[in-house]
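[1] Any chance you can model this:
(chains A and B)
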Amino acid sequence: GQSLEQPSEVTAVEGAIVQINCTYQTSGFYGLSWYQQHDGGAPTFLSYNALDGLEETGRFSSFLSRSDSYGYLLLQELQMKDSASYFCAVRANTGFQKLVFGTGTRLLVSP
Amino acid sequence: DTAVSQTPKYLVTQMGNDKSIKCEQNLGHDTMYWYKQDSKKFLKIMFSYNNKELIINETVPNRFSPKSPDKAHLNLHINSLELGDSAVYFCASSQAKRTSYNEQFFGPGTRLTVL
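    The predicted structure follows:
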């Protein structure tokens, strides 16, 4: 089977740094992505890691360790608007983009 | 606006009815998807079409039938609706490249409630 595990909820205050972890177990692995979803909204793409290491995009960074089947999303200088659900997703095939999504982490940012 | 659009946004219907959800993208992508997001926010792929050809067909009841009249449209028809079909259905699109990854663009979702 295929599974991606994330913490169900994380809380933090404005200006803080938070890390959302993702561990995966999939039959194939061709990269780890992160998506953000606000309540009532659509998932939107944040980042993608195909190789081990850290990818930085503004206040958000994503890390991957393929040997540990583990990745994380790091959010810095948190803002209220960052309150949302965050999903990791594994691209499980080399051809067309079948994404297997994690269980999702709800991030609550307080003043 | 360039985007993925879905209609309707909300759909409330009785058990046993048949309903359709429509999706259109004007991003010029060649691959489209249907996802189901349940009440626990678990997001699961149902179908995917590339250039009007079905390429991903997950374990979905055959009451669900996707149809892609062209690359820009992917519709979802559901027969004999059941209570368990209540969920948010998202359409998405991307440009498929076998050797690289592209992000998927999601539509606003259709909240289906079966009474």
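
[2] can we go C-alpha only for contacts and neighbour counts from here?
    Fine.

[3] Work out for me the element the spatially most central residue of chain B sits within.
    A centroid search over chain B (Cα atoms, centre = their mean) returns residue B:34, at 2.6 Å, as the residue closest to the centre. Assigned by DSSP states H and E, residue B:34 belongs to strand B:31-37.

[4] Please enumerate the strands of chain A.
    Along chain A, counting by DSSP state E, strands occupy A:3-5, A:9-13, A:18-25, A:32-37, A:44-49, A:53-57, A:60-65, A:70-75, A:84-91, A:99-101, A:105-110.

[5] now check the first one, is it near chain B?
    Which is strand A:3-5. No. Judged by Cα under 8 Å from any Cα of the partner chain, strand A:3-5 makes no contact with chain B; its nearest approach is 11.0 Å.

[6] Return the residues of chain B in contact with chain A.
    Proximity of chain B to chain A, by Cα under 8 Å from any Cα, involves residues B:41-45, B:55-56, B:90, B:96-99, B:101, B:103-109.

[7] Below-threshold pLDDT in chain A: ranges please.
    Applying pLDDT under 70 to chain A flags residues A:1, A:94-96.

[8] Enumerate the residues of it near chain B.
    Within reach of chain B by Cα under 8 Å from any Cα, chain A has these residues: A:41-45, A:94-104.

[9] follow-up on the earlier one: the residues of chain B next to chain A, buried ones only, as a PyMOL selection?
    Here is the PyMOL command that picks out the buried ones among these, judged by 16 or more other Cα atoms under 10 Å in any protein chain shown:
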select buried, chain B and resi 41+43+44+45+55+56+90+96+101+103+104+105+106+107+108+109
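
[10] The residues of chain B next to chain A in strands, which ones?
    In this view, the residues of chain B next to chain A that belong to strands under DSSP E are B:43, B:44, B:45, B:55, B:56, B:90, B:105, B:106.

[11] so what's the nearest residue to the third one once chain neighbours are set aside up against?
    In other words, residue B:45. Leaving out its chain neighbours, the residue that sits closest to residue B:45 by Cα to Cα, 6 or more residues apart in numbering or on different chains is residue B:35, at 4.3 Å. By Cα atoms under 8 Å, 6 or more residues apart in numbering or on different chains, residue B:35 lies in contact with B:43, B:44, B:45, B:46, B:47, B:89, B:90, B:91, B:92.

[12] Need the per-residue pLDDT for residue B:35.
    According to the prediction, residue B:35 has pLDDT 97.

[13] Over to the one 5 residues further on?
    At residue B:40, the model reports a pLDDT of 88.

[14] Report the helix or strand with the lowest average pLDDT across chain B.
    The weakest-scoring helix or strand in chain B, judged by mean pLDDT, DSSP states H and E, is strand B:53-57 (a mean of 86).

[15] Other residues contacting that one?
    With contact meaning Cα under 8 Å, 6+ apart, strand B:53-57 is reached by A:96, A:98, B:46, B:47, B:48, B:49, B:68.
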